[in-house]
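# compute the structure for the input listed below.
(3 chains)
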Amino acid sequence: MMPLPQSWYLRDAAQVARELLGTHICRGRVVLRVTEVEAYLGPDDSACHTSRGRTARNAPMWGPGGHAYIYLCYGMHNMLNVVTGDGDGAAVLIRSCEVVRGLPLVLQRRGAQQGPGLLAGPGKVGQALDLSTALSGHALFTRGGLTLHWGTPATCILAGRRVGIDYAQPRDRNALLRFADADSSAVTRRRELGSLSRGPAA
DNA sequence: AGAGTGATGTTCT
DNA sequence: GAACATCACTCTA
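Purely as a prediction, here's the structure:
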């Protein structure tokens, strides 16, 4: 079982984001299937962390794709992003997942019961994978630690606006850069999503 | 179903 | 010192 090659990541963030749906994240004995993501396009995207320049924290985003960018949010949530392109300052946030393997360990780490909301939300994904900022910059395309593999792609994709970016410009707040597997119940704020081709409902 | 709120700590101004 | 790509819990309906 080989991880996806680095070349797979060296493309536009929105494109990688859609193809990321259905892939498998492997960490120790836990395997998760990605069901919801958000694309952050680079310095020109006011919602993106790189839009306010290079810092020690966002350094991995300025490098080549295929590496993790992990940061601490609200003092307690470790958010997992996948760097895309090459020097683009772009990445894809992993927002929700389904458990493929290692359910007992995931339940223990989450301190929750099994259900559709178990891994719906980026903080929950970070907790289930036992992530920390020490793993930021880790290569996802080489064996060991934290890797990304081919899985079961989504047959139907939903799209909508990104969550929690009220500080961004209206154009970037309204961009349809959140994507989800239409056939999964592990998705946040589902009613705000529409079909990919037709845009969000309401 | 929806609004409100406290927890918690690193990063950047 | 403010902001922060959140979560879980408590109300009110």
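# A:Arg178: what's it in contact with?
A:Glu36, A:Val37, A:Glu38, A:Arg95, A:Ala159, A:Gly160, A:Arg161, A:Arg162, A:Val163, A:Leu193 (C-beta atoms under 8 Å, 6 or more residues apart in numbering). Where you see a C-beta, it was placed from the backbone N, CA and C, and this is true even at glycine.
# switch the cut-off to 6 Å
A:Glu38, A:Gly160, A:Arg162 (C-beta atoms under 6 Å, 6 or more residues apart in numbering).
# now swap in A:Gln114 and tell me
Contact analysis of A:Gln114 by C-beta under 6 Å, 6+ apart lists nothing.
# quick one: classify it as helix, strand or coil.
coil (DSSP: H, G, I helix; E, B strand; the rest coil).
# dihedrals phi and psi, it?
phi -70, psi 140 (degrees, to the nearest 10).
# ok, now how distant is it from DNA strand C?
13 Å (C-beta to the nearest atom of the strand, to the nearest Å).
# next: A:Ala182.
20 Å.
# list the contacts of whichever residue of chain A sits closest to DNA strand B.
Per C-beta to the nearest atom of the strand, A:Thr55 is where chain A lies closest to DNA strand B, at 2.5 Å. Listed by C-beta under 6 Å, 6+ apart, the contact set of A:Thr55 is empty.
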